[in-house]
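Colleague: Task: produce atomic coordinates for the following.
(one chain, ligands or ions: 2)
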Amino acid sequence: MTTTTETAATRIDGKVIGGEIRERIAREVAALQADHGVTPGLAVVLVGGDEASQVYVSHKRKASLAAGMESFEHYLDEDTSADELLALIDKLNRDPAVNGILVQLPLPAQISEDAVLAAIDPDKDVDGFHEVNTGRLWNGGSPPVPCTALGCVLLLQHTLGNDLAGRHAVIVGRSNIVGKPLANLLLRENCTVTVAHSKTRDLPGLCRQADILVAAVGRPKFVQGDWIKPGATVIDVGINRLEANADGKRRLVGDVNYAAAAEVAGAITPVPGGVGPMTIACLLHNTVRAACQQKGLPLPADD
Ligand SMILES: NC(=O)C1=CN([C@@H]2O[C@H](COP(=O)(O)OP(=O)(O)OC[C@H]3O[C@@H](n4cnc5c(N)ncnc54)[C@H](OP(=O)(O)O)[C@@H]3O)[C@@H](O)[C@H]2O)C=CC1
Ligand SMILES: Nc1nc(=O)c2c([nH]1)NC[C@@H]1CN(c3ccc(C(=O)N[C@@H](CCC(=O)O)C(=O)O)cc3)C=[N+]21
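Modeller: Ligands and ions are numbered 1, 2, ... in the order given. Presented below is the predicted three-dimensional model:
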């Protein structure tokens, strides 16, 4: 479902679309419990006290519980050693009540991200970051898909219909967690994909060629209104936390100048309320699927 604002563009409501997915997942979880006595369990590990990470982890916990799943949280001190974290992952890998494991990134400097991601059982890797799963993704298989990238594709299909074939998608950002997996998923959808980054020349001119423009840069209001082709679909992945207002409330802005972009775009995601809620919905989706696979049960039919 989408709602329009006073601007030209349709506002793509990730809260509503993600909410529909979460309702479907809650039904799947209820059926798994009733038919097989299985309750999917998600373990989230947070190292250190980063404020933004704490917010995400609490959203994930609430969403898991609301869907009827089990949530196991592990809060470790900022100065935790790599060995301590690896020992916890080993324990979670062997715990049959834990079907999905997410280690919140970024990790403190003393811990190697690569070593940690490699230690997670690929079958429990609901982030889809393990190299076995990224390898499967690029080879055309069906591993757990990184949640934010999957969320972006679901928003595009909701907005443009299931057939994205032939559209030119420009993704600004090439991280392992967003840009690269999204490039893969949009290639599968038969888009023509261009991945831009900090060394890209004439980024505004390139963006103006995009039927689908995705910003995953990490810079507040980076993409300007005059970078957007009239009628294009704009997906803003960015979450940038600005200084608090006078009222003390944190302000979140995306990587796109929303007001200017909404004058030109055909449809656009807001921040907050766009991609973020889809990431969480897709995490639950991956956890239910992981539980079914681990228990030897058929996957729930998709919506
Ligand atoms: N909504 C959600 O669920 C999620 C939101 N996010 C948000 O998305 C944003 C991106 O996250 P993430 O992918 O992890 O970020 P990274 O910092 O890992 O990657 C940023 C990318 O943007 C590129 N970039 C940086 N500056 C420029 C520039 N001036 N011109 C062109 N490209 C540039 C970088 O290029 P290069 O490779 O050359 O350095 C890099 O590829 C952040 O705001 C993050 O908070 C992230 C995950 C989930
Ligand atoms: N292993 C790992 N997996 C991740 O998926 C992962 C991660 N590490 N590290 C950090 C990024 C970021 N991320 C978000 C998830 C939800 C919202 C979200 O729900 N955002 C809300 C607002 C949240 C708020 O109020 O702060 C919204 O956009 O409407 C945002 C960002 C997942 N990430």
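Colleague: ok, now which ones touch G274?
Modeller: 12-14, 155, 235-236, 254 (CB atoms under 8 Å, 6 or more residues apart in numbering). Where C-beta positions appear, they are placed from N, C-alpha and C, glycine not excepted.
Colleague: Stretch 205-221 near ligand 2 at all?
Modeller: No. Stretch 205-221 stays out of contact with ligand 2 when judged by CB under 6 Å from any ligand atom, the minimum separation being 10.3 Å.
Colleague: ignore the last one, stretch 272-282
Modeller: Yes. Against ligand 2, stretch 272-282 shows contacts by CB under 6 Å from any ligand atom at 272-273, 276-277, 279-280.
Colleague: What of stretch 127-144?
Modeller: Yes. Stretch 127-144 comes into contact with ligand 2 (CB under 6 Å from any ligand atom), by way of D127.
Colleague: Quick check: residues of this structure near ligand 2?
Modeller: Contacts of the chain with ligand 2, taken as CB under 6 Å from any ligand atom, map to 55-56, 59, 102-105, 127, 147-148, 239, 252, 271-273, 276-277, 279-280.
Colleague: Could you list which of the residues you listed belong to strands?
Modeller: 102-103, 252 (DSSP state E).
Colleague: and of these, the nearest to K91?
Modeller: For those, the residue nearest K91 by CB to CB is V103; the value is 13.1 Å.
Colleague: show me the contacts for the closest one.
Modeller: V103 makes contact with 45, 47, 85, 89, 116-117, 120, 127, according to CB under 8 Å, 6+ apart.
Colleague: now it, which residues is it bridged with?
Modeller: V45 (DSSP bridges).
Colleague: Now do it, the pLDDT please.
Modeller: At V103, the model reports a pLDDT of 97.
Colleague: let's have the chain start at 39 instead
Modeller: All right, first residue 39 from here; so that's V141.
Colleague: Would you format the contacts of V141 as TSV with neighbour count and secondary structure included?
Modeller: Formatted as TSV, the contacts of V141 follow (neighbours: other CB atoms under 10 Å; DSSP: H, G, I helix; E, B strand; the rest coil):
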residue	neighbour count	secondary structure
V83	22	strand
V85	25	strand
L123	23	helix
I127	23	helix
V154	19	helix
L155	20	helix
I158	25	coil
D165	23	coil
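Colleague: pLDDT and distance to H323 for those - can I get that in CSV?
Modeller: CSV is the format used below for the contacts of V141 (pLDDT from 0 to 100; distance: CB to CB, whole Å):
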residue, pLDDT, distance to H323
V83, 97, 20
V85, 97, 25
L123, 98, 26
I127, 98, 22
V154, 98, 23
L155, 98, 20
I158, 98, 18
D165, 98, 12
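Colleague: right, and out of those residues, which lies closest to A253?
Modeller: Minimum distance to A253 across the contacts of V141 is 21.1 Å, recorded for D165 (CB to CB).
Colleague: and ligand 1, which of the residues of stretch 310-320 next to ligand 2 reach it?
Modeller: 314, 317.
Colleague: Show me which of the residues of stretch 310-320 next to ligand 2 are buried.
Modeller: Listed as buried from those are 311, 314-315, 317-318; burial here means 16 or more other CB atoms under 10 Å.
Colleague: residues contacting the residue of the stretch 89-238 of the chain found nearest ligand 2?
Modeller: Using CB to the nearest ligand atom, the point where the stretch 89-238 of the chain gets nearest to ligand 2 is L143, with a distance of 3.8 Å. For L143, the contact set (CB under 8 Å, 6+ apart) comprises 151, 215.
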